[in-house]
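Undergrad: make a model of this:
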Amino acid sequence: MSDAPVPAPLLIACALGIERLALRGGARRGPVTVLRTGMGPRAAERSVTRALGEPALRGAAVMATGFCAGLAPGMHPGDLVVAEETRGPAGATTPCEGTDLLVKELTRAVPGRTVHTGTLTGSDHVVRGHERAQLLATGAIAVDMESAATLHSAVRRGARPVAAVRVVVDAPEHELVRIGTVRGGISAFRVLRAVVPAFFEWHRSLLLPRR
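TA: Next up is the predicted model:
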């Protein structure tokens, strides 16, 4: 019988069914759970809190992912956002772990795609027009409705590594008419599916001895 420690599980959380479909295509290694939370911060908070209460996910590292809206001029659909921290609508921040490693692995997984790092802010609604400029002025580079709530809920359940990686589908010069348009975002879907191995590398790095 091996005395090797059992690796901590990985919980990958997303909001939409189309995101879950992309993620499940790559989630085939190790103790990985892909959780569809539903849209919005309240749904994310409820789903993540409930999931992390399960014995099988106790101590799990948490990755928030899916699609997002870019805030900075020059962002394009298919770009990637790696959060250095997430910030909720009320201002609470959650620092993320392993940002540099994620940037490296994402660049390897999808060469040619631009990877942005910075603050990923949360909203309780789809952001439009002038709201982008207001959020950009706070120092955020992208916005979504679930990441901040996901990571905040995760660390409230106990200390654990957390991170957030999002694929831009909506940017200042490429604004979506409605959230359902995401279903037509074939490019963003393919990017999300392609970056799943980077999540595994991030998770694997957490299990390595610290020097």
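Undergrad: where along this structure do the strands fall?
TA: 10-14, 32-36, 61-70, 80-87, 93-95, 115-122, 140-144, 162-170 (DSSP state E).
Undergrad: let me have those strands in TSV, adding mean neighbour count and mean pLDDT as columns.
TA: Where you see a C-beta, it was placed from the backbone N, CA and C, and this is true even at glycine. Output for those, formatted as TSV (neighbours: other CB atoms under 10 Å; pLDDT from 0 to 100):
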stretch	mean neighbour count	mean pLDDT
strand 10-14	27	96
strand 32-36	19	93
strand 61-70	27	95
strand 80-87	24	98
strand 93-95	17	97
strand 115-122	22	97
strand 140-144	27	96
strand 162-170	28	94
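Undergrad: wait, which of those is closest to Arg204?
TA: strand 10-14 (9.4 Å; CB to CB).
Undergrad: with adjacent residues omitted, what lies nearest to the residue positioned nearest the centre of the chain?
TA: Centroid-nearest residue in the chain: Thr65, 2.4 Å away (criterion: CA atoms, centre = their mean). Excluding its sequence neighbours, the residue lying closest to Thr65 (CB to CB, 6 or more residues apart in numbering) is Val165, at 5.1 Å.
Undergrad: just Ser205 next, same as before
TA: Closest to Ser205 by CB to CB, 6+ apart is Leu101, at 5.5 Å.
Undergrad: check Val110 too.
TA: Using CB to CB, 6+ apart, the closest residue to Val110 is Ala194 (5.1 Å).
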